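K.L.:
missing the sequence, but the structure's below:
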């Protein structure tokens, strides 16, 4: 990351002073040739009391850091946000310098216009967001490095090596992809009292909520899917994301003619379907991150899952499907009334959500599962939640042309006004009779 960056922020604790780790890091950055791009940032300097006292330890540390030869340190407080504006100005200045360097490199105006147009186009294109999730030490970080074909994230045999969710953007077959490597998710009982791990798990779940497709990495050496992995599958379904299973470490299994990687994928698919029926025929990709076998099949499977997850279906096709399904199995009787499924519409995609209008408020759960199963089979919505919502339609006819009887205006309407006039005439007639007498 430091080799590919245009600006390196060397952050250190100003209250501790110049440590040996800071000196080694600064020496390493000099070897990279990043001397003109490295800025030292002094953190944990809340308020200004440290600046008013000339004999404070902080002032001595700020003087000692000058010996690194990287210039004066920028004082900030990441906790309270002090000094972050200076870093933002520094980034803008570096951005302007890069633009001047590019213009001075001899690039033509046509190339500049083309680059500006391509930059505007790339801003409108949203990347395919993939979250790599799973338990600890199943090979999530190794999978990210294998896809990128470089050591981009830390990977090793130590469980819990990844703490933060790391997002990496890259192009795969002219498709902008954002991979998010997340921390391993353990059971709540196993991480009791570990605040850092709780924050890592929350960050992983947050990345899963933002992603379009979640790739659940399994350890094929264990042969059976674990209960924690089933809980992760339920979490993905509740968030409405599409799910793809990556069975890693296939090189540790004894593969023969009688037992192939596809047989293992079918076994995983059956185990998931027996516990979560909504995840029928879920895509399972057997692979090995170390040997690279099967990795090339992962991204095409993920892209297909995203396309199926975001597709929209015409209302006419949906209602033809509803007619066929109702003929195959008639709706049940609900509270003494035979349920009638009138029509169906798609309200939104991502996740696919549909509303079925009926003459009843609710439909029994078994019949709703029957509709969901046939819907997945008909439109290939496997490995993702299908939300079928039943809504009672209005009994009034919106196209009724019968005009309502005009009731007039005023107190009581036309009838009351007519009665008042009758009384006025009667009183006038009585008064006229008395005058005549």
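P.N.:
Here it is on my side, so go on. All values reported here derive from a predicted model rather than from experimental measurement. Numbers count the residues shown, from 1 in each chain.

K.L.:
avg pLDDT for the lengthiest helix in the chain?
P.N.:
Counting residues, the longest helix found in the chain (DSSP state H) is helix 413-436. Averaged across helix 413-436, pLDDT comes to 79.

K.L.:
what element comes up after the helix or strand of the chain with the lowest mean pLDDT heading to the C-terminus?
P.N.:
Least confident helix or strand, the chain: helix 109-124 with a mean of 47, by mean pLDDT, DSSP states H and E. Going down the chain from helix 109-124, the next helix or strand is strand 128-134, by DSSP states H and E.

K.L.:
just to revisit the earlier point, so how far is the longest helix of the chain off the chain centroid?
P.N.:
76 Å (CA atoms, centre = their mean, to the nearest Å).

K.L.:
go on, stretch 302-313?
P.N.:
Taking mean C-alpha positions (CA atoms, centre = their mean), stretch 302-313 and its chain are 15 Å apart.

K.L.:
which residues sit against it?
P.N.:
Stretch 302-313 is contacted from outside by 128, 130, 175, 212-213, 215, 241-244, 283, 346, 349-352, 379-384, using CB atoms under 8 Å, 6 or more residues apart in numbering. Placement of C-beta: from N, CA and C, glycine included.

K.L.:
now the buried members of these.
P.N.:
Among these, the ones that count as buried by 16 or more other CB atoms under 10 Å are 128, 130, 212-213, 215, 241-244, 283, 346, 351-352, 379, 381-384.

K.L.:
just for the chain, where's the confidence low?
P.N.:
Counting by pLDDT under 70, the chain has low-confidence residues at 34-36, 106-124, 396-412, 434-437.

K.L.:
as a check, name the ranges of all strands in it.
P.N.:
Read by DSSP state E, the chain holds these strands, from start to end of the chain: 8-13, 38-43, 74-75, 128-134, 166-172, 175-181, 213-219, 242-248, 284-286, 333-334, 337-338, 341-348, 353-358, 387-392.

K.L.:
can you give me the buried ones in the first one?
P.N.:
Residues of strand 8-13 classed as buried under the neighbour-count rule (16+ other CB under 10 Å) are 8, 10, 11, 12.

K.L.:
got the angle between it and strand 38-43?
P.N.:
30 degrees (axes from the mean of the first three to the mean of the last three CA atoms, to 10 degrees).

K.L.:
try the fourth one
P.N.:
Orientation of strand 128-134 against strand 38-43 (the same axes, to 10 degrees) gives an angle of 60 degrees.

K.L.:
from the buried residues of strand 8-13, which is closest to residue 288?
P.N.:
For the buried residues of strand 8-13, the minimum distance to residue 288 (CB to CB) is 35.5 Å, reached by residue 8.

K.L.:
what's the distance between that closest one and residue 148?
P.N.:
21 Å (CB to CB, to the nearest Å).

K.L.:
for residue 413, same thing?
P.N.:
Counting by CB to CB, the gap from residue 413 to residue 148 is 77 Å.

K.L.:
when those two are compared, which one has more neighbours?
P.N.:
residue 148 (15 against 12; other CB atoms under 10 Å).

K.L.:
please name the nearest non-neighbouring residue to that one.
P.N.:
Spatial nearest neighbour of residue 148, excluding adjacent residues (CB to CB, 6 or more residues apart in numbering): residue 170 at 6.1 Å.

K.L.:
got the contact list for that neighbour?
P.N.:
Per CB under 8 Å, 6+ apart, neighbours of residue 170: 148, 176, 177, 179.

K.L.:
please name the bridge partners of the second one.
P.N.:
Same thing as residue 176. Beta bridges link residue 176 to residue 171, judged by DSSP bridges.

K.L.:
counting neighbours, what do you get for it?
P.N.:
By the criterion of other CB under 10 Å, residue 176 has 14 neighbours.

K.L.:
that one contacts residue 125, doesn't it?
P.N.:
Yes. In this structure, residue 176 is within contact of residue 125 by CB atoms under 8 Å, at 5.8 Å.

K.L.:
mind listing the helices for the protein?
P.N.:
20-31, 49-52, 57-64, 84-103, 109-124, 140-148, 195-210, 227-239, 261-275, 298-309, 315-328, 365-379, 413-436.

K.L.:
out of those helices, which comes closest to residue 395?
P.N.:
helix 315-328 (20.3 Å).

K.L.:
now that closest one against strand 341-348, angle please.
P.N.:
On the basis of the same axes, to 10 degrees, helix 315-328 is oriented at 140 degrees to strand 341-348.

K.L.:
mind listing what's buried along helix 315-328?
P.N.:
By neighbour count on 16+ other CB under 10 Å, the buried set for helix 315-328 is 318, 321, 322, 325.

K.L.:
rebuild the residues you listed as JSON lines, extending it with distance to residue 274.
P.N.:
Formatted as JSON lines, the buried residues of helix 315-328 follow (distance: CB to CB, whole Å):
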{"residue": "318", "distance to residue 274": "30"}
{"residue": "321", "distance to residue 274": "27"}
{"residue": "322", "distance to residue 274": "29"}
{"residue": "325", "distance to residue 274": "24"}
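
K.L.:
just the closest of these to residue 360, please.
P.N.:
Closest to residue 360, out of all of the buried residues of helix 315-328 and judged by CB to CB, is residue 322, at 15.3 Å.
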